[in-house]
Each structure stands twice: as structure tokens, then as C-alpha cells.
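In: What would the 3D arrangement of this be:
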Amino acid sequence: TTGNVFLYPPAVVRGLPWWAFKAIMFSLVPTFLLLLAIFRMPDDFPVDEEKIAKEGIDIDLVEMTKEEMNKRTSYDETNELITRRRSSIAQTMQELGLLEEKPQEKKEFVPTPNQRRLSALAMQ
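Out: Purely as a prediction, here's the structure:
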């Protein structure tokens with residue numbers, strides 16, 4: 001600068017330095033897109049009764065009722081109400097022929113050389 005005058009005028013956008021304008025844009029644009037996505041989310045997800053009647057439903061995706069959610073005393077405890085309801089849904093679907101039983105395959109465990117070496121070290 002010579003005195004109080006710039007040799008080159010600073011880069012500004014509508015009176016803001018370019019870096020401040022860039023920071024504002026990089027924070028406002030994603031915020032706007034996020035809010036738009038949140039407001040466009042549906043409030044509920046309709047159940048397609050015809051599809052369920054033809055194909056059945058994944059019993060692990062059945063929503064829990066308020067009573068089922070409130071009956072657990074700890075995080076690790078099994079929720080008996082939802083377990084009973086899901087098993088009755090699975091039994092009904094099996095009776096209707098909508099759920100086929102998957103045969104359990106027994107896989108033989110073959111330890112890798114590293115696992116054998118680790119096991120040998122642990123047994124010493």
C-alpha cells in the first residue's frame with residue numbers, strides 16, 4: 001500500500017471479503033439442503049396390504065407397539081412381547097405358505113495357521 005490506498009482493490013463480494021462470503025456459502029448451502037430433505041420426509045409410511053398378503057413381511061421390520069417398547073427393563077433384556085408377536089406372525093406366514101424355512105447349514109470350523117499359533121501360545 002502507498003499511504004492509505006491499496007495498490008489493488010481487495011476481492012469482495014457485496015461488501016464482504018471473499019473468504020467470509022465463501023465461509024457463509026459453505027455453511028448455508030448444506031444447511032438449506034438438509035432442511036429441505038428433512039421437511040420433504042413423509043410423516044408416515046403406508047403399509048401395502050396387497051403386497052403383504054401376496055409376499056408376506058419381514059418379521060424383523062414389524063414396528064413395536066407402545067406397550068412392547070415400555071416393557072424392557074434393560075437394554076440387553078429380551079423383549080418377550082415383541083418376540084411372541086413376531087413368532088406368531090412368522091407362524092401365520094408359514095401356515096399361509098409365504099415364509100419358507102431355511103435349512104440350517106452346519107459349517108465346519110477350520111482354524112487358520114495364525115489362529116493355531118495363537119492357540120498354542122495361549123495354552124503354554
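
In: Against residue 49, how distant is residue 14?
Out: 56 Å (C-beta to C-beta, to the nearest Å). The way it works is simple: take the backbone N, C-alpha and C, and place the C-beta from them, glycine included.

In: Show me where the protein has its strands.
Out: 12-13, 16-17 (DSSP state E).

In: Can I get those strands in a markdown table including mean neighbour count?
Out: Formatted as a markdown table, the strands of the chain follow (neighbours: other C-beta atoms under 10 Å):
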| stretch | mean neighbour count |
| --- | --- |
| strand 12-13 | 12 |
| strand 16-17 | 12 |
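
In: Compile those strands into CSV and extend it with columns for mean pLDDT.
Out: Converted to CSV, the strands of the chain look like this (pLDDT from 0 to 100):
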stretch, mean pLDDT
strand 12-13, 89
strand 16-17, 91
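
In: what's the closest of these to residue 29?
Out: strand 12-13 (14.6 Å; C-beta to C-beta).

In: For the closest one, which strands pair with it and how are they oriented?
Out: Strand pairing for strand 12-13, using DSSP bridges, gives strand 16-17 (antiparallel).

In: who's in contact with the partner strand?
Out: Strand 16-17 is contacted by residues 10, 11, 24 when judged by C-beta atoms under 8 Å, 6 or more residues apart in numbering.

In: List the ones among these that fall in helices.
Out: residue 24 (DSSP state H).

In: how about CSV for the contacts of strand 16-17, with distance to residue 63 added?
Out: Listed next are these as CSV, based on distance: C-beta to C-beta, whole Å:
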residue, distance to residue 63
10, 58
11, 55
24, 41
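
In: neighbour-wise, which of the contacts of strand 16-17 leads?
Out: When neighbours are counted by other C-beta atoms under 10 Å, residue 24 leads the contacts of strand 16-17 with 12 neighbours.

In: Spit out the contact partners of that residue.
Out: residue 16.

In: where's stretch 21-41 relative to the chain centroid, distance-wise?
Out: Centroid displacement of stretch 21-41 relative to its chain, using C-alpha atoms, centre = their mean, to the nearest Å, is 22 Å.

In: cool, and stretch 92-101?
Out: Per C-alpha atoms, centre = their mean, the centroid offset for stretch 92-101 relative to its chain is 28 Å.
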